[in-house]
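Visitor: need the 3D shape of this:
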Amino acid sequence: MEEENHARQFEFASKLPNVIAQAAVDAEAADELLARVQAFDARMRTDTPAPADAFRAVINMERSLARYHMNSIGVFTDPNLQKLFEAMMAADKQHVHALLDALDRLAPPPTIH
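Guide: Here you go, the predicted model:
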């Protein structure tokens, strides 16, 4: 749902006249990432992993999506819209940290004695 919300934000921004000063979106990279997400979704539905393995896989995917967002934020003419997208990037980082915390609770790293 979070990624769908990001998509709606990008779609909204793309419809505003003269709001994007410089686009940084690479359509080929977006298509490649979309294919990876769809393949990931299909794999998770057919080969249900153990919970800790599922968290690790989702964390890796979330990191990929966050890197993509950071590299495709673009430059906006409206400073408030720029702040909105920067907040979206911060939310990506918080999401990864929340997933890492959940993984630590589910499967704490082994302690070294």
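
Visitor: in which helix or strand does the most centrally placed residue in the chain reside?
Guide: Centroid-nearest residue in the chain: residue 65, 3.3 Å away (criterion: C-alpha atoms, centre = their mean). Under the criterion of DSSP states H and E, residue 65 resides in helix 51-71.

Visitor: mind giving me the packing neighbours of that helix?
Guide: The contact analysis (3 or more C-beta pairs under 8 Å, 6 or more residues apart in numbering; DSSP states H and E) places helix 51-71 against helix 27-46, helix 79-106. For the C-beta atoms, the positions are set from N, CA and C on the backbone; glycine is no exception.

Visitor: most packed of those?
Guide: helix 79-106 (a mean of 14; mean count of other C-beta atoms under 10 Å).

Visitor: that older thread, can you add mean pLDDT and give the helices and strands packed on helix 51-71 back as JSON lines?
Guide: Listed next are the helices and strands packed on helix 51-71 as JSON lines, based on pLDDT from 0 to 100:
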{"stretch": "helix 27-46", "mean pLDDT": "88"}
{"stretch": "helix 79-106", "mean pLDDT": "82"}
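
Visitor: make JSON lines out of these and add distance to residue 52.
Guide: Putting the helices and strands packed on helix 51-71 into JSON lines (distance: least, C-beta to C-beta, whole Å) gives the following:
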{"stretch": "helix 27-46", "distance to residue 52": "14"}
{"stretch": "helix 79-106", "distance to residue 52": "6"}
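
Visitor: so how far is the first residue of stretch 41-51 from its last?
Guide: When the termini of stretch 41-51 are compared using C-alpha to C-alpha, to the nearest Å, they are 15 Å apart.

Visitor: which of the helices and strands packed on helix 51-71 sits closest to residue 4?
Guide: Closest of the helices and strands packed on helix 51-71 to residue 4 is helix 27-46, at 11.5 Å (criterion: C-beta to C-beta).
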